[in-house]
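1. Here is the input, now give the coordinates:
(one chain, ligands or ions: 1)
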Amino acid sequence: MSTITIRNLDDSVKQVLRERAAARGVSMEQEVRDALSESVAAAPSAQSQTWRLAASPDEILALGQKSEKSPRALVDAGQKTVPAMTLSDKRILLIIGGGIAAYKALDLIRRLRERGAAVRVVMTAGAQEFITTLSAGALSADHVFTELFDRNDEHDVGHIRLSREADLLVVAPATADLMAKAANGHANDLASTVLLATDKPVLMAPAMNPRMWAHPATRRNRATLGRDGVAFVGPAKGEMAESNEAGEGRMAEPLEIVAAIEALLDAGPKPLSGRRIIVTSGPTHEPIDPVRYIANRSSGKQGHAIAAALARLGADVHLVSGPVNIADPAGVKTIHVERAQEMRDAVEQLLPADAAVFVAAVADWRTENSAGEKIKKVAGESPPTLRMVENPDILAGVGHHGQRPGLVIGFAAETQGLLRNAEAKLVKKGADLIVANDVSHESGIGPSGVMGGDRNRVRIVSKAGVEEWPEMTKDEVAARLAALIAERLKTTVV
Ligand code: CTP
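-> Sure thing, here's the model as predicted:
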């Protein structure tokens, strides 16, 4: 095993690492470790992609700035693939709020421009504390707007024109303050005035401390903005930039924001328009007492990706999600539940539907009676015995329901006898298709396995036989499954 010495890296790369580490309050070694893990997790395939750990200093400079790229962005700068021009001719006004996540907005600009969008940037005073207008301007190749009144500015196009000339306004990061201003119609700086003056759709990517996100004032503002028609992507749960802080409030990743933008602006043909589809995703948590629960390793990534892919094809998607650490998918109505029984109730209330896809790893059992108070250790007494009872089988319930959707799809996670078990589940649960995946020890669990990882290799089992799909990312599996669902539903009249 070889070692990497930070001292031997190029000065420009060291500088980037030093600044990124300082911004996150971690050591340079930790920053390198995180960048490496992130790049490995993000790499679609070791065989099919050419990866370098960092862009050359020239490439960093060519990206418009050299000190504000995230390590991930540096890695991506070395990537050879060119994304499809899904946003060509689209004009996006990006409002960057003042938060540590502002550095991700720089990556977002690059991602949007790679896809053909023209990006114009407004930065709040707070945003300028975190990143410079120079960086945003270099990446957007346009003037960056910061002032409400700037009569001397030759670029001043006025807030009305700024807000109306775009196809979409994106606020990233949407800070608690920006959300509060927008929810209450304030217009005391350029960002809030543009938001008040616009007649175009608005997408917000909130980012803030978990306590600020959970505060009743922010919850009120979020609800008001939702009623006003503002779309949201994120926030996700996870580690915050402040050390020792974790929870919900982390800004969605730039590619998630891009996907939300693509979904909002997509004017292409929609094969699933008018179709109502239910998707379950994630694990369930079955309480033992108020602080302990039984869970499993499902991340929700595959189910959420399927919900998002169906929404992109125009479906009216209702996602019933167990507790997960990823953001609600854009363009999808998400209901959050904890327990299997809650998931079953939520699903049944959503019937009738054209199709239902059961991706959730539902706990098969729950404790017979979860304790009302925390179970205490008592000296000299033996540990408590958990009596388990079976949970409702949600898929089987819907597969044999009086209001059974025309298309019912289940998943089968197996550690052995994959096809035999999948075929048995097809019949027993009344499904039309079973998506079977191997979660055996060799390929199944952990960051590089199916459960928790980003890739999947599935077989589609139906009465007609078994179709093997090659290994691909969970997003690719989702897109292909959504296309299959659209194909299957074509023959059914809306
Ligand atoms: N499923 C469900 N409700 C349950 C258990 C499973 O809806 N209580 C669904 C899952 O969402 C998945 C399919 O049934 O679509 C198969 O799940 P899996 O865990 O593979 O099978 P189980 O029925 O739980 O059987 P076993 O764990 O014995 O393999």
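2. Only C-alpha atoms from now on, for both contacts and neighbour counts.
-> OK.
3. Let me know the distance separating the nearest residue to Lys181 once chain neighbours are set aside from the ligand.
-> In space, and not counting its chain neighbours, Lys181 is closest to Ser192: 6.3 Å by C-alpha to C-alpha, 6 or more residues apart in numbering. Going from Ser192 to the ligand by C-alpha to the nearest ligand atom, to the nearest Å gives 44 Å.
4. how about Ser192, secondary structure?
-> Put simply, Ser192 is helix when judged by DSSP: H, G, I helix; E, B strand; the rest coil.
5. host element of the most centrally placed residue in the chain?
-> In the chain, the residue lying closest to the centroid (C-alpha atoms, centre = their mean) is Ala327, at 4.3 Å. Using DSSP states H and E, Ala327 sits in no helix or strand.
6. change the start of the numbering to 303 and stick with it
-> Right, with 303 as the first residue, what we last looked at is Ala629.
7. That one touches Gly549, doesn't it?
-> No. Using C-alpha atoms under 8 Å, Ala629 and Gly549 do not qualify as a contacting pair, with a distance of 12.0 Å.
8. Give the residues shared as contacts by the two.
-> The contact sets of Ala629 and Gly549 overlap at Lys539 (C-alpha atoms under 8 Å, 6 or more residues apart in numbering).
9. and the chain, what are its domains?
-> Here the domain assignment for the chain is 393-567, 578-669+690-792, based on automatic domain parsing.
10. For the residue nearest to Lys483, which residues are in contact?
-> So Ser494 contacts 480, 483-484, 487-488 (C-alpha under 8 Å, 6+ apart).
11. ok, now how distant is it from Ala420?
-> As judged by C-alpha to C-alpha, to the nearest Å, Ser494 and Ala420 stand 21 Å apart.
12. now the host helix or strand of Ala610: mean pLDDT?
-> If you go by DSSP H and E, Ala610 is part of helix 603-614. Across helix 603-614, pLDDT averages out at 93.
13. Name the residues that touch it?
-> 565, 568, 572, 574, 581-584, 619-621, 628, 630-634, 661-662, 754, 756, 776-777, 779-781, 783-784.
14. ok now that helix, how far from the chain's centre?
-> Helix 603-614 has its C-alpha centroid displaced from the chain centroid by 10 Å (C-alpha atoms, centre = their mean, to the nearest Å).
15. And stretch 578-592, by the same measure?
-> Counting by C-alpha atoms, centre = their mean, stretch 578-592 comes out at 18 Å from the chain centroid.
16. Please point out which parts of that stretch sit buried.
-> By 16 or more other C-alpha atoms under 10 Å, the buried positions in stretch 578-592 come out as 578-590.
17. which of those lies closest to Leu653?
-> Ile580 (8.3 Å; C-alpha to C-alpha).
18. Check whether the helix or strand where that closest one lies comes near the ligand.
-> Using DSSP H and E, Ile580 maps to strand 578-583. No. With C-alpha under 6 Å from any ligand atom as the criterion, the ligand is not reached by strand 578-583; the gap is at least 6.8 Å.
19. And the contacts of the helix or strand following that strand?
-> For strand 578-583, the succeeding helix or strand toward the C-terminus, using DSSP H and E, is strand 588-589. Counting by C-alpha under 8 Å, 6+ apart, strand 588-589 makes contact with 595-597, 640-642, 665, 668-669, 672, all of which sit outside it.
20. Show residues contacting stretch 683-694.
-> Taking C-alpha under 8 Å, 6+ apart as the rule, stretch 683-694 contacts 642-643, 646, 665-671, 679.
21. repeat for stretch 411-429
-> 384-401, 404, 435, 438-439, 441-442, 444-448, 491-493, 556-557, 560.
22. Just the buried residues of the residues you listed.
-> Among these, those buried by neighbour count (16+ other C-alpha under 10 Å) are 388-389, 392-401, 404, 435, 438-439, 441-442, 445-448, 491-493, 556, 560.
23. so of those, which ones are in helices?
-> Among the buried ones among the contacts of stretch 411-429, the ones falling in helices (DSSP state H) are 404, 435, 438-439, 441-442, 492-493, 556, 560.
24. could those residues be laid out in CSV, adding pLDDT?
-> Compiled in CSV, those are given as follows (pLDDT from 0 to 100):
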residue, pLDDT
Ala404, 96
Thr435, 94
Ala438, 95
Gly439, 94
Leu441, 95
Ser442, 95
Leu492, 94
Ala493, 95
Pro556, 94
Val560, 93
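25. from the residues you listed, which is closest to Asp469?
-> Closest to Asp469, out of all of those and judged by C-alpha to C-alpha, is Val560, at 14.2 Å.
26. how about the nearest residue to that closest one, chain neighbours excluded?
-> Once flanking residues are discounted, Val560 sits nearest to Leu414: 6.8 Å by C-alpha to C-alpha, 6+ apart.
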